[in-house]
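# here are the coordinates; sequence isn't available:
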């Protein structure tokens, strides 16, 4: 169950001064390759005493301020980030023998940013946000469908469904971003951007052993 990676490698001499242009280029290549869910990422959170949990969510936007995803704030990840903002993101682009790992801290985006994104979602997804008490135990599928039907009926006459107070975005401000490219004989390229300088305004790059 092993395969030989034959990626072209990362041109260190052409690395940009921050990780974001390279991430943009890699994400564009993944999308061009028509891989399913190119913006899917694994989000790892932990309780204050260090118990970890992971799940896959979709990256919705990013810029030099960080990487944004949306969730129910009462969900497990929402509760864990409220108590411990340390977070890690993993983009597993296996088909291209690439992955990107982001580590940093999460903070809530503004309600204006959340509302703007919420309005862009399909109507059914907006209703689903109201209907689901994310991560809470339920008695069965029937209970979920009943809650959705009740929410759907409640918003039947409302075109502009409001964003729930318990739902919104997190922005992950990266302190480190690692680019991993599979290479032949397991001699992979691993280039790690580390934030440094006054107010974290600069980045330095380290090569890691595979």
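Yes, it's here. All of these numbers come straight from a predicted model, not from anything done at the bench.
# Poorly predicted segments of this protein, please.
Where the chain drops to pLDDT under 70, the residues are 1-2.
# Tell me who's in contact with the residue of it most remote from its centre.
Residue farthest from the centre of the chain, counting by CA atoms, centre = their mean, is residue 157 at 33.7 Å. Not one residue lies near residue 157 by CB atoms under 8 Å, 6 or more residues apart in numbering. Where you see a C-beta, it was placed from the backbone N, CA and C, and this is true even at glycine.
# cool, residue 102 as well?
67, 88-91, 172, 174, 176-178.
# Relative to residue 155, how far out is it?
According to CB to CB, to the nearest Å, residue 102 stands 36 Å off from residue 155.
# same deal with residue 35?
Distance from residue 35 to residue 155, counting by CB to CB: 35 Å.
# same check, this time on residue 48
Distance from residue 48 to residue 155, by CB to CB: 37 Å.
# Name the next helix or strand downstream of the top strand by length along the chain, please.
Longest strand in the chain by number of residues (criterion: DSSP state E): strand 167-181. Moving toward the C-terminus from strand 167-181, the first helix or strand encountered (DSSP states H and E) is strand 189-196.
# can you give me the offset of that following strand from its chain's centre?
19 Å (CA atoms, centre = their mean, to the nearest Å).
# Name the residues that touch the following helix or strand past it?
As assigned by DSSP H and E, the chain's next helix or strand after strand 189-196 is strand 202-207. Residues from elsewhere that reach strand 202-207, judged by CB under 8 Å, 6+ apart: 12, 15, 17-19, 189-196.
# Distance of the closest residue to residue 8 other than its chain neighbours relative to residue 48?
Nearest residue to residue 8, sequence neighbours excluded (CB to CB, 6 or more residues apart in numbering): residue 181, at 7.8 Å. According to CB to CB, residue 181 and residue 48 sit 35 Å apart.
# try residue 134
Applying CB to CB, the value for residue 134 to residue 48 is 21 Å.
# okay, those two: which has more neighbours?
Of the pair residue 134 and residue 48, residue 134 is the one with more neighbours under other CB atoms under 10 Å, namely 16 against 9.
# how about that one, what does it touch?
Remark: with contacts taken as CB under 8 Å, 6+ apart, residue 134 is in contact with 71-72, 74-75, 78.
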